[in-house]
Structure formats: structure tokens, C-alpha cells
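Colleague: coords please:
(2 chains)
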Number of protein chains: 2
Amino acid sequence: MLTPNMNYSHLKSSYLFYNIAQKTKAYLAEHPDTHLYRMGIGDVSLPLCDAVIKGLHAAADDQSKADSFNGYMPECGAPFLRTAVADYYRTRGVEVADDEVFISSGASDELGDILDLFDRSNRSLIIEPAYPAYVDANVMGGREIVHLPSSRSNGFLPLPDGDTDAELIYLCSPNNPTGAVFSREQLKKWVDFANAHGSVILFDAAYEAFIEDADLPHSIFEIEGARTCAIEICSLSKTAGFTGTRLGYTVIPKELKRNGMTFNDMWVRNRTTKTNGVSYIIQRAACEVFTPEGQRQIHENIAVYKQNACTLMQALDKLGIWYTGGRNAPYIWMECPNGMGSWDFFDKLLNEAQIIGTPGEGFGKCGEGYFRFSTFGSPEDTKTAAERLVALLK
Amino acid sequence: MLTPNMNYSHLKSSYLFYNIAQKTKAYLAEHPDTHLYRMGIGDVSLPLCDAVIKGLHAAADDQSKADSFNGYMPECGAPFLRTAVADYYRTRGVEVADDEVFISSGASDELGDILDLFDRSNRSLIIEPAYPAYVDANVMGGREIVHLPSSRSNGFLPLPDGDTDAELIYLCSPNNPTGAVFSREQLKKWVDFANAHGSVILFDAAYEAFIEDADLPHSIFEIEGARTCAIEICSLSKTAGFTGTRLGYTVIPKELKRNGMTFNDMWVRNRTTKTNGVSYIIQRAACEVFTPEGQRQIHENIAVYKQNACTLMQALDKLGIWYTGGRNAPYIWMECPNGMGSWDFFDKLLNEAQIIGTPGEGFGKCGEGYFRFSTFGSPEDTKTAAERLVALLK
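Modeller: So this is what the prediction gives:
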């Protein structure tokens, strides 16, 4: 008799977005034709930029003719795109070799797949509040999870201390859901800890393009020592509006080794066994993101979301409400007013201002009392939502 | 100190396609400007059909405008494509529900990912000769592999007997590399075995579109009892030339349960945790494959490859060489002439007829003495190669 992976029976049901959807549905049933201001799910609203659209059409044309048709792609990524990504790192002063870059279908896919490189006996440290999939992927793998709660007192940016003990360390900076960003000095402490303990850092840099302060690191490889302890996982989902188009990239330095095994070699073997690479069409179009014109266009879109963030931050400043994020991240993490619980605040915003956000409790217990706004909505909606927020809470 | 997944150290180096590439390179260095007849790797040569190309352009246009832009797709597949696949099954008399269909990035990706559903204590039965990734993915997972050698005496279609004992059973029909296809009666024996032993069959149906004999099953779900013991993994790679475009689908019946766990539910949870779905653009284009016009066009392309198979089969018939495949599969698996070893035969074909095929030994020990031809080359090359084969071996 076959035995299923019984770790799945230990998964907690994920009520967060389901509950939001149910409450929204119920509200709309009672109030049909009401316009809702949706700032809950972190999905982009602007279409792909022109450069990428042109790349998609060009790639489709390539696939229509025998002499330009592409069959199986190299499993670790098209050479043209691996080079483009390595060059992109170089513009920020980070040297990575083309064959240290792996093309993926996106950060969430990669964060799930890459756990195959690590023995199940390793403990995974997850800073909370956290993206729920970090936890669930480790539960599925039967790994022990070390929860590291963060709070307003450390700006939601906790550092390792004498009690910290884990082999696999998740760092997400700029953070989802809090929008907090580690400084170089803070990241250096994590890198030093990982090197001292032989731990490996999984650095989720999906939101790096939203950083505007020049002194904040976009990549963990800007930190000395990271090449012996870190894997960086990136995505075009928020950078270039690829949430539904799907492309990401991962950097695994060749110096990253444990117990005689080189993780770059292991990942090559994993990819050549368990994939046949990412679609030529998507890789060809993604390449346009890294051209000067593509960079100009995606930053025009990012500027729209950043203006949304400013609009919301101004409203919170006016109200004297504490928050993180917004300035260097597409999320704003605010304290619920008057000590309200995060689901109570959700209900209040929905019922009294027709605004939808995400209750902090959904990202872990220590998120209770906080609330996340996504800044990916339309400027018009965000402006009205900010006005309603001020009117409601002033 | 982090422990890597040390199962990777038990992987054997995969020399097959590397060795072929090295030998080819060496030959071309000595004989520059020589045209080689490449019938080794199973990659398609015809471009995507017009219906799919139109779908790609339409999808790119959708992504260029805010009102038709698609962000995050449902993780288990776009509803329009799940319905199209379920309807495709219905045309062959197989009822599957839309939510039993999962859209993937291709069969190789899915065959790697889906092992997450099964405990590592299960033994995996692999019929050899086999697609090398079946073995490697199980070695990575630390699973014991039960090798079931097949041979000319059973037409490379072995059946379970009193000694058969494994919890996970790989069946690939039409088979890569042998091109052999299980009959309904033969598949029924495997289904009955799996149900009696509580095993689960992973049925790789990537080549089903090449079946032309009306009595051969395209899907394991044509067999009574399969819904309680099988998962079917399919791909558009060979069906519609998607090797470099990437799309597949998987059917997990809701009746498939073991130890109180329902695999369809588990896979929903896996996909919602570890992916953000397949690119809208690729799903939109793949949908065109399942329209009447798309089916007509892809079968025009398949007919070209089938004509290649006929050309090669006629040559082998003329030479009196035993083979399987070709008629209902895009591969031909021939006995090497005069008891030659498969690498010796590779060298002879390359050096004396400039033909490249794949030595059977690369698919497992019992493949020694056999040789695989892919029929995905150009008709002109295949015709000349067949003539050279006859001239060389007559």
C-alpha cells in the first residue's frame, strides 16, 4: 500500500484570502453595484510595458517559422537571458557569472522547488509575519520550523542573537508583508551568523526594484561573505508586472558548498532532471526588461505604484498612525487604530469605507493588530481610498 | 551546519547525451562542413501551427491593455483551459471533471514535482529501458527503485507477475524510448495489480497523439478501475510542438485516495503553495490546440513525423531488422545489426553514414544491443538517412 506524504495532514487550512473573498462576496450580495477599493492581494494592475509586448510578438513570430523556431531550451535558462541578468547585477556593482544565474518560472515556484537541495533534518527559520507559503512548503517537507517573531520594537527587522539556531534562514527584503528593508549592516549580521553556523540563507529579493534609498542593499550579494552562505531568489512579477506572465531568476554562487556538495552543481542536476526549461517566448520577452528602454518603461510603472504608496503614507501621517514600508516597498504595514484586532479593522474598513486590505494576523500570530495595504491598485482608487481612510479615522 | 540532500551524491553521471554531443563535435572537427542526419534527441523541428501563433499574438495583445490584462492566474490552471482539456478527454469517451485537470509547464516538470505527494518510503517501479529522469528524480528523493527490465521477448511491454512489488509504478505508453504501446488488456493487468496492492500508477501519456490504431488506449482512464489507482501526465511538447513553449496537463481523479488522503486535494494544496500558475500567454495559446482548427493543424504536423516513421520502417523492413515503435509512436527502437553493441553501432552510423541516433544502453542496461531513432527530423533528412542506412547495412 502506497503511503502518501503525511506531512500534508499537518498543514493548517489557509483561511486568509479565502476569508477575505467570502466576506467581500457577502458584502457585495448585500450591497450590489458598490464600488470596492481593493488594496488586499498584491497583484499588479498596469499592463506589460511596450518593450515586453514587442518581445512577446517577436518571440511568437520566431516560433511560427522553421528557421527561427526554438525547441527545447537549456534547462537552466537561455544563455541570452542569463547574460542579461548577470549584466543587470553588474550595473549595481555585484559580479555574478552567467552560470550562477538560473531562470525560473517565478519566485514562488522556485522557493518551493529549491527545498529539494536540503536534507529534511534541517530547521527552517522564518521571520514572522511572513508570506504563508514559506511555512507551508516546509511543513510539506517535514522540516521543523523555527518561528522568529518580529515587532514594532525592532522595526519588523529582527537580527540573530545568542538564541538563534537554524540551518536554513528565510530573509525577505523588502519584506512581504511589512515593507521593511534590511540595511547593509543588518544583513551583514545575518551573513556573518550564517557563515559562522554553516547555515544557508534563502534571500527573497522579489521587491528589490522598489528600493529608492541609495544606501539600502538590493541584493544580498552586495554584502561581503554572502557568496559562501546565500541563494538569492528574484522575480519579474512586481518589477515588470509579470504576475500572470511568469518569470524569475535565482543566483547560486559557486562558492556555496556544504558537506562536500556544491549547490550550483546540484541545482544544475535538479533542473536538467526535473524541468525542460522556461518557455522561449517568456524568456525572450523578459530579456526586454533588462534593456535601457525596458528599464525606463518598467520604472515608469513602478513610479505609479510608488505614487500610490505616497498617497497612502500621507493619509497615515495625517492620522498619526504608525507604519512601515511604502517608501522602499510596494506594501504598507500599519498599526490598527485604537488597538483594534486586524479582522475587526478589516470589517470596519469594508463596511464603513468600502476598502479591502489584508489583516496582519493572516501572516502569523505576531501580525495581529496590524494591517497590510498593497499599493498596486489604480491611482484613482488609491486616492479615494486614502481620503475615505482619513475621513473614517480622523 | 546545514546538511545538503545527500541523495544527490548517489546520482550517476548522465553520460548519454553528453557523450553523443562530444562524439558529434569530434567528428565535425575532423570533417568540417559535413551535413549530419540528426535523429537522436526527441525534439520537434516543425514550427508552431497557425492557430497557436494567433493565440500567442492575441494573448500578448491582452497583456498590453489594462482592461484585458491578466495578473495572477489560478494556480491549478486557467478555467478555460481546464475545460478545454476535459472536453478533449470527452471526445475519446473519457469523463474527467474540470477540477481533476491541472495545467502544468510540461510533463518533465510535473513528473519531478508530483513526487512530493508520496512518502519517501515507497518503492518506485521503473520499466527499463526508460527515460533517464524517472530514475534520477527517485534517486534525488531517496526512494528505492525496483527495476523491471523489458526485452524483445515481451515486446518491451512487461506485465506484473507474482514477484512484482512496488508502491509507485511508472508506465509510459506509447513508450520513450521503445515506441511500444500497451493494449487495453495489458493496461488492465497493471490497473488490477495497482488496485489490489494499493499502488499508484504514474501514467506518462506524452505521446498519445501519435497512436493511430483505433483499439489502443490513449489514456489510462479508458481502463476500468484506473480512477482509483492512476495519475495521468500529458504534454503538448510532441502533440503540438511545445518542447520550447512549455505546457502540459495532469489528471488526478477525486477517487484516488490512500491512507485517508485525497491526492487531488493534496495537489491543489501543493500548487497553491509552490506555484503561481502557468503563464496566461501560454495557456491562452495552448487553448487553441483543442479547437477543431487547432486539432486539424497539429495533426497535419504529426502526419509529417509519421511519414518520417514510415520511411524509416520501410528501410528497416527491407533490411530485415527487428524493431518496435514507429506506427503509434514517434520513436523507432531497432535491434542493432549483427549483435553489435549500441555505442559501436552509434560510431558506425556516424562515421560511415553521418547519421546520429541514440544508443539503447543510455536508457538502462537492458537497452544494450538496441538503438533509438527519433522521427522528428525533416522529411528530406529522414529520407536520405533511410537510404544511407539501407546502403550501409544491406
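Colleague: drop to CA atoms for contacts and neighbour counts, all remaining ones
Modeller: Fine.
Colleague: Scan chain A for its longest helix.
Modeller: helix A:292-319 (DSSP state H).
Colleague: Would you mind listing the buried residues in that helix?
Modeller: A:294-295, A:297-299, A:301-302, A:304-313, A:315-316 (16 or more other Cα atoms under 10 Å in any protein chain shown).
Colleague: So which elements touch whichever helix or strand comes after it?
Modeller: Once the chain leaves helix A:292-319, the next helix or strand it forms, by DSSP states H and E, is strand A:323-325. Counting contacts by 3 or more Cα pairs under 8 Å, 6 or more residues apart in numbering or on different chains; DSSP states H and E, strand A:323-325 is packed against strand A:331-335.
Colleague: partners of the strand it packs on, with directions?
Modeller: strand A:323-325 (antiparallel), strand A:370-374 (antiparallel) (DSSP bridges).
Colleague: So which of those strands is the most surrounded?
Modeller: strand A:370-374 (a mean of 29; mean count of other Cα atoms under 10 Å in any protein chain shown).
Colleague: angle of that strand against helix A:292-319?
Modeller: 140 degrees (axes from the mean of the first three to the mean of the last three Cα atoms, to 10 degrees).
Colleague: after strand A:370-374, next one along is what?
Modeller: That would be, after strand A:370-374 and using DSSP H and E, helix A:379-393.
Colleague: any idea of the mean pLDDT in that next one?
Modeller: Helix A:379-393 comes out with an average pLDDT of 97.
Colleague: just to revisit the earlier point, show me what the longest helix of chain A is packed against.
Modeller: Checking 3+ Cα pairs under 8 Å, 6+ apart, helix A:292-319 ends up next to helix A:50-62, strand A:331-335, helix A:379-393.
Colleague: Report the mean confidence score over it.
Modeller: So the average pLDDT for helix A:292-319 ends up being 98.
Colleague: what inclination does that helix have with respect to helix A:379-393?
Modeller: Going by the same axes, to 10 degrees, helix A:292-319 makes 10 degrees with helix A:379-393.
Colleague: Chain B contacts on the stretch 201-350 of chain A?
Modeller: Proximity of the stretch 201-350 of chain A to chain B (Cα under 8 Å from any Cα of the partner chain) is limited to residues A:241-246, A:258-259, A:261, A:266, A:273-281.
Colleague: try it again with 10 Å
Modeller: Contact residues (Cα under 10 Å from any Cα of the partner chain) of the stretch 201-350 of chain A with chain B: A:237, A:241-247, A:257-263, A:265-267, A:269-282.
Colleague: What subset of those is buried?
Modeller: A:237, A:241-247, A:257-258, A:261-263, A:266-267, A:269-282.
Colleague: if we can go back for a sec, how far is the longest helix of chain A from where the chain is centred?
Modeller: A distance of 17 Å separates the centroid of the chain from that of helix A:292-319, by Cα atoms, centre = their mean, to the nearest Å.
Colleague: Tell me which of the residues of the stretch 201-350 of chain A next to chain B fall in strands.
Modeller: A:K257, A:R258, A:M261, A:T262 (DSSP state E).
Colleague: A:M313 contacts A:I332, correct?
Modeller: Yes - judged on Cα atoms under 10 Å, A:M313 makes contact with A:I332 at a distance of 7.9 Å.
Colleague: Now the common contact residues for these two.
Modeller: A:Y323, A:T324, A:G325, A:G326 (Cα atoms under 10 Å, 6 or more residues apart in numbering or on different chains).
Colleague: Using TSV, please lay out those together with distance to B:A205 and pLDDT.
Modeller: As requested, the shared contacts of A:M313 and A:I332 are exported to TSV (distance: Cα to Cα, whole Å; pLDDT from 0 to 100):
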residue	distance to B:A205	pLDDT
A:Y323	53	98
A:T324	51	97
A:G325	48	97
A:G326	49	97
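Colleague: Spatially, which two of those residues are the most separated?
Modeller: Using Cα to Cα, these span at most 8.7 Å, a distance reached by A:Y323 and A:G326.
Colleague: who touches both of these two?
Modeller: What both A:Y323 and A:G326 touch, as defined by Cα under 10 Å, 6+ apart, is the set A:T178, A:G179, A:A180, A:M313, A:I332, A:W333.
Colleague: For the first one, give me its contacts.
Modeller: So that's A:T178. A:128-130, A:155-157, A:172, A:323-326, A:329-334, A:360, A:363, A:367, A:370-373.
Colleague: now A:Y323
Modeller: Neighbours of A:Y323 in contact, by Cα under 10 Å, 6+ apart: A:152, A:155, A:178-180, A:313, A:316-317, A:332-336, A:370-372.
Colleague: Return the closest of the residues you listed with respect to B:R388.
Modeller: A:G179 (66.2 Å).
Colleague: give me the beta-bridge partners of the nearest residue to the closest one once chain neighbours are set aside?
Modeller: Excluding its sequence neighbours, the residue lying closest to A:G179 (Cα to Cα, 6 or more residues apart in numbering or on different chains) is A:G325, at 3.7 Å. On the basis of DSSP bridges, A:G325 is bridged to A:I332.
Colleague: Tell me how far A:G325 lies from chain B.
Modeller: Separation of A:G325 from chain B (Cα to the nearest Cα, to the nearest Å): 23 Å.
Colleague: before we move on, what about A:Y170?
Modeller: Taking Cα to the nearest Cα, one finds A:Y170 at 14 Å from chain B.
Colleague: how about that residue, secondary structure?
Modeller: strand (DSSP: H, G, I helix; E, B strand; the rest coil).
Colleague: Could you pull up phi and psi at the residue lying closest to it once chain neighbours are set aside?
Modeller: Spatial nearest neighbour of A:Y170, excluding adjacent residues (Cα to Cα, 6+ apart): A:L202 at 5.0 Å. As for A:L202, its main-chain torsions (degrees, to the nearest 10) stand at phi -100, psi 110.
Colleague: State whether A:L202 and A:R227 are indeed in contact, as I suppose.
Modeller: No - with contact defined as Cα under 10 Å, A:L202 does not reach A:R227; the gap is 11.9 Å.
Colleague: Residues that sit against both of the two, list them.
Modeller: Residues touching both A:L202 and A:R227 (Cα under 10 Å, 6+ apart): A:I220.
Colleague: now A:D99: how far from chain B?
Modeller: Distance from A:D99 to chain B, by Cα to the nearest Cα: 18 Å.
Colleague: What distance do you get for the nearest residue to that residue once chain neighbours are set aside to chain B?
Modeller: With Cα to Cα, 6+ apart as the criterion, A:D99 has its nearest non-adjacent residue at 7.2 Å, and that residue is A:R82. Noted for A:R82: a distance of 17 Å to chain B, by Cα to the nearest Cα.
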